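Colleague: here is my input, please return the structure:
(one chain, ligands or ions: 1)
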Amino acid sequence: MPQTDAIRDERVRALADGSAMPTLGLGVWQVPNGDECENAVRWALELGYRHIDTAQAYGNEESVGRALRDSGVPREEVFLTTKFYPARDDPAAEAELSLRRLGVDQVDLYIIHWPQRGPTWAWPGMEEAQRRGYARSIGVSNFRVDELEQVIAVADSAPVVNQVQFSPFEYRRALLQACVERHVVLEAYSPLGTGRHLSHRTVTEIAQRVGRTPAQVLLRWCVQRGTVVIPKSTHRERIEENGQIFDFALSDADMASLDRLDRTGGTNKARERKWW
Ligand code: A2P
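Modeller: Coordinates of the predicted model:
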């Protein structure tokens with residue numbers, strides 16, 4: 001797809017390094033390696049998803065790779081992300097192991113899972129992974145604004161993505177703004193609040209009024225806020241439902257009502273507490 005079209009199409013986000021990534025992906029956090037993961041990924045690909053998000057820490061790269069092969073969808077049509085587990089020391093060596101588990105020659109995106117031991121030490125290794133062709137694009141996850149700035153300051157090849165917890169309830173407005181200004185695409189994980197946000201009254205009321213489901217409303221909010229979004233589900237009908245978010249739009253008034261659900265005070269932080 002020519003890049004100018006990619007930029008105009010809300011189904012695709014242009015990355016600062018010249019690549020592009022599908023706005024919607026399937027996340028497989030907390031899905032065990034094995035049938036459950038393989039089914040979810042295979043269904044997603046059957047239903048038209050072209051973006052899968054895994055991580056070394058999830059322990060399910062083998063299943064993601066197997067489902068990708070079994071799906072029959074050509075490798076080059078699927079955007080595949082994995083994440084460097086930062087308790088390890090060598091991002092390039094770990095990327096090579098990921099490729100073997102996934103059974104692919106390259107991932108489309110390789111990101112530092114969280115800034116353990118500081119934001120910058122792993123970056124030269126991430127760039128090395130890119131130089132060796134293990135990853136087409138490189139980025140970060142769970143980085144707040146100052147951590148992102150530190151990486152950019154030392155980078156030859158700047159991060160093009162920051163994947164963070166993001167939803168109307170975690171509307172990290174200052175972080176989003178900083179990412180936009182630095183040409184970093186914000187990727188929203190846990191967009192449904194791992195399921196908790198689906199039953200909030202504001203969300204269910206909007207959903208009922210516009211004739212959509214609460215999940216579709218929450219995901220559509222992310223699309224209209226300009227992010228990439230990676231809902232997780234292991235149920236085929238939910239994976240399908242979550243994919244139907246490009247054929248309607250939320251009004252400015254509904255977007256504003258959802259914005260007001262933010263509980264972070266529009267923070268520039270990527271997370272409320274450390275887990276490492
Ligand atoms: P399941 O995997 O059993 O389908 P998040 O993406 O914010 O992490 O949310 C994932 C959680 O939300 C999972 O528990 C998932 O359950 C559930 N979920 C995902 N999509 C839907 C949906 N369309 N309707 C209801 N629950 C959903």
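Colleague: could I get the buried residue list for the strand or helix carrying residue 95?
Modeller: Element membership for residue 95, per DSSP states H and E: helix 91-102. Applying a neighbour-count criterion of 16 or more other Cβ atoms under 10 Å, one finds 91-92, 94-95, 98-99, 101-102 buried in helix 91-102. The C-beta positions use only the backbone N, C-alpha and C, and glycine is treated the same way.
Colleague: got a list of what the residue of the stretch 1-150 of the chain found nearest the ligand touches?
Modeller: Among residues of the stretch 1-150 of the chain, the one nearest the ligand by Cβ to the nearest ligand atom turns out to be residue 27. It sits 5.8 Å away. Contacts of residue 27 were listed using Cβ atoms under 8 Å, 6 or more residues apart in numbering, and they are 53, 189, 230-232.
Colleague: and residue 143, by the same measure?
Modeller: Residue 143 makes contacts with 112, 115, 119, 151, 159, 162, 164, 270, as judged by Cβ under 8 Å, 6+ apart.
Colleague: who wins on neighbours among the contacts of residue 27?
Modeller: Neighbour count (other Cβ atoms under 10 Å) singles out residue 230 as the most crowded of the contacts of residue 27, with 27 neighbours.
Colleague: for the contacts of residue 143, which one is nearest residue 174?
Modeller: Proximity of the contacts of residue 143 to residue 174, judged by Cβ to Cβ, is greatest for residue 270, which lies at 10.8 Å.
Colleague: mind telling me what element that closest one is part of?
Modeller: Secondary structure from DSSP H and E places residue 270 outside every helix and strand.
Colleague: near the ligand, which residues of this structure?
Modeller: 27, 190-195, 198, 213, 215, 231-235, 238, 241-242 (Cβ under 6 Å from any ligand atom).
Colleague: ok, back up a step: phi, psi for the residue of the stretch 1-150 of the chain closest to the ligand please.
Modeller: Its backbone dihedrals place residue 27 at phi -90, psi 140, with angles given as degrees, to the nearest 10.
Colleague: can you tell me how far it sits from residue 98?
Modeller: 16 Å (Cβ to Cβ, to the nearest Å).
Colleague: work out for me the element the most centrally placed residue in the chain sits within.
Modeller: By Cα atoms, centre = their mean, the mean C-alpha position of the chain lies nearest to residue 187, the distance being 4.2 Å. Counting by DSSP H and E, the secondary-structure element that holds residue 187 is strand 185-189.
Colleague: quick check: mean pLDDT across that strand?
Modeller: In this model, strand 185-189 carries a mean pLDDT of 98.
Colleague: what residues does the helix or strand that comes right after it touch?
Modeller: On the C-terminal side of strand 185-189, the nearest following helix or strand under DSSP H and E is helix 201-210. Contacts of helix 201-210 with the rest of the structure, by Cβ under 8 Å, 6+ apart, involve 168, 197-198, 213-214, 216-218, 248, 250, 254, 257-258, 260-261.
Colleague: buried subset of those residues, written for PyMOL?
Modeller: Restricted to the buried members of the contacts of helix 201-210, where burial is judged by 16+ other Cβ under 10 Å, the PyMOL selection command reads as follows:
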select buried, resi 168+197+198+213+214+216+217+218+250+254+257+258+261
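Colleague: burial of residue 267, as a residue count?
Modeller: Here the count is done by other Cβ under 10 Å, and residue 267 has 18 residues near it.
Colleague: quick check: the gap between it and the ligand.
Modeller: If you measure residue 267 against the ligand using Cβ to the nearest ligand atom, to the nearest Å, the figure is 18 Å.
Colleague: now that residue. Its backbone dihedrals?
Modeller: Per-residue torsions, residue 267: phi -60, psi 160 (degrees, to the nearest 10).
Colleague: in the stretch 51-200 of the chain, which spans are helices?
Modeller: Assigned helices in the stretch 51-200 of the chain, in chain order: 61-71, 91-102, 123-131, 145-154, 173-181 (criterion: DSSP state H, counting those that start in this stretch).
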